[in-house]
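Peer 1: okay, predicted coordinates and the sequence, questions at the end:
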Amino acid sequence: MILRELILFAAVGFLFLGVSDLGVDLLYLALRLKRFVLGGGPQSAATPPTAMQPGRIAVFIPAWDESEVIAPMLDHAQRAFGDSDYRLYVGCYPNDPATIAAVRSAAGPKVRLVVTPSPGPTTKADCLNAMWSRMRADERDERVRFKAVVLHDAEDVVHADELGLFDALIEQFDLVQLPVLPLVDQRSRWIAGHYIDEFAEAHGKEMVVREALGASIPAAGVGCAISRRVLDALSRRYGLPFDPGSLTEDYELGLRLRAAGYPAAFVRLPGGTGRAVVATREYFPGTIHAAVTQKARWMAGIALAGWDRLGWEGGPAEFWMRLRDRQSVFAALLLFTGYLALILGPALALAGWSVGRPAEPFSRPMLVLLATNSVLLLWRLAMRFAFVAAAYGWREGFRALPRTVTGNIIAMMAARRAAGNYLTMVRTGRPTAWDKTAHAFPGPGQGE
């Protein structure tokens, strides 16, 4: 009896999630069909939109315990951005001398080291606020004004065309988000590789549908530009633009901008001649522990704290997208229930058969429900293959199918950790400190 209840709970939950996923898939296919019928392919960054009033761009790079990657990241960024009008602000902590030394070793005329007043780790938002304060001080001292702020992480491989794109589009939108494309880690095909699968769909399809529906565009925290008018407005209202009490300040920023009526855009453009799509590339965690740590922070900030902090503002499309954002912990519970039933079912059936008491067959409605979920699962795997293959080739597309199990295991472990982190936040009234993971930066030419 308990087994059947477990199966029913998991099956109904998976049906709900499967129909939601199917809805996004069908909307995406409808958008592709519309583009095919009406014509007009995507613009290329070889001929990007031109800024009416070119301005200086500030790039904020928070860095806690990033001595292994920050120097090569800064070297690459300065080469990629070339003579563009920009400045790199790197936020470090006074109790992290190794990262400070690494930043100084890569410093150039367009790099500013910012040491926070408080020892680390604090929250990423707190580090961003320190860079904001330094940028404002530079503006007063040099009598210049930065046009926009771009967010990047210490492990990011930036694209040479992104600043020109941001400079032009920030005149039309207050938030511009580029795709994030995880790099293939040959040392971790099955753990780091599952990020490839998830981002291929999230930034190849989900964000496209969100924008078409008029729903919020959540900032990814990397490869995104924010207009000065937004940051100034937030500073006037809250004192500083980034909320130090948030675990996922980037995600929340995107939702708050939409609620306030500021326009945002997700922009996926092919690069110039011989260049890949304009996107941020980076290695993602390659061990179970690191992946669970990172995803637990995302879950706690988006699925749990985000519910409290942001609520359910907006129309039907926004409600649907927020529901999808916050379903990760519930989905992990369904996965655990489903795998438990998958293990217990055959074991109990075999035990019953051995004593002459075979299991009762499922009712017809249950069989229909299970069959429907099976079809939705096959469709889900087909879509996963299609998007991963389109971005990384057919071999990675096929690897994505068994990697679904890896992603499920990590999700279940991360949900448990996220719940603990969230309960700690509720009990103490303070956000958890920057629970970062170790990073790697590709060698010359590997991530470009």
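Peer 2: Right, received. Where do you want to start? Numbers count the residues shown, from 1 in each chain.
Peer 1: for this structure, give me the ranges with low pLDDT.
Peer 2: Applying pLDDT under 70 to the chain flags the ranges 1, 39-48, 271-275, 351-356, 358-359, 444-448.
Peer 1: repeat that with 50
Peer 2: 42, 44-46 (pLDDT under 50).
Peer 1: what ranges does it have for its strands?
Peer 2: 56-62, 86-92, 111-115, 146-151, 175-177, 180-182, 224-227, 264-266, 280-282 (DSSP state E).
Peer 1: so for residue 25, which of the ones you listed sits nearest?
Peer 2: Each of those has some distance to residue 25 by C-beta to C-beta; the shortest is strand 264-266, at 17.3 Å. The way it works is simple: take the backbone N, C-alpha and C, and place the C-beta from them, glycine included.
Peer 1: give me the contact list for the closest one.
Peer 2: 169, 172-177, 179, 203, 207-208, 210-211, 216-217, 254, 257-258 (C-beta atoms under 8 Å, 6 or more residues apart in numbering).
Peer 1: if we go to 6 Å?
Peer 2: Outside strand 264-266, the residues that touch it by C-beta atoms under 6 Å, 6 or more residues apart in numbering are 173, 175-177, 207, 211, 217, 257.
Peer 1: so what strands line up beside it?
Peer 2: strand 175-177 (parallel) (DSSP bridges).
Peer 1: need the contact partners of the strand it pairs with.
Peer 2: With C-beta under 6 Å, 6+ apart as the test, strand 175-177 has contacts from 166, 169-170, 217, 219, 224-226, 257, 264-267.
Peer 1: likewise stretch 191-198?
Peer 2: Applying C-beta under 6 Å, 6+ apart, the set of residues contacting stretch 191-198 is 182, 185, 284, 286, 291, 384, 388, 400, 403, 406-407.
Peer 1: turn the contacts of strand 264-266 into CSV, columns for neighbour count and distance to residue 150.
Peer 2: CSV is the format used below for the contacts of strand 264-266 (neighbours: other C-beta atoms under 10 Å; distance: C-beta to C-beta, whole Å):
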residue, neighbour count, distance to residue 150
173, 20, 13
175, 25, 11
176, 27, 9
177, 28, 11
207, 22, 18
211, 17, 19
217, 23, 15
257, 24, 15
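Peer 1: count of neighbours near residue 382?
Peer 2: 12 (other C-beta atoms under 10 Å).
Peer 1: let me redo that: residue 247
Peer 2: So residue 247, with other C-beta under 10 Å, has 29 neighbours.
Peer 1: apart from its chain neighbours, what residue comes closest to it?
Peer 2: Spatial nearest neighbour of residue 247, excluding adjacent residues (C-beta to C-beta, 6 or more residues apart in numbering): residue 301 at 3.3 Å.
Peer 1: quick check, that neighbour in contact with residue 248.
Peer 2: Yes. Using C-beta atoms under 6 Å, residue 301 is in contact with residue 248, at 3.2 Å.
Peer 1: follow-up on the earlier one: between the strands of the chain, which one is nearest to residue 139?
Peer 2: strand 146-151 (6.7 Å).
Peer 1: tell me what that closest one is packed against?
Peer 2: strand 56-62, strand 224-227 (3 or more C-beta pairs under 6 Å, 6 or more residues apart in numbering; DSSP states H and E).
Peer 1: to residue 30, which of those strands lies closest?
Peer 2: Nearest to residue 30, of these and by C-beta to C-beta, is strand 224-227 at 26.7 Å.
Peer 1: ok, back up a step: now the contacts of strand 264-266 as a markdown table including distance to residue 77?
Peer 2: Shown next, in a markdown table, are these (distance: C-beta to C-beta, whole Å):
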| residue | distance to residue 77 |
| --- | --- |
| 173 | 23 |
| 175 | 21 |
| 176 | 18 |
| 177 | 18 |
| 207 | 24 |
| 211 | 27 |
| 217 | 24 |
| 257 | 26 |
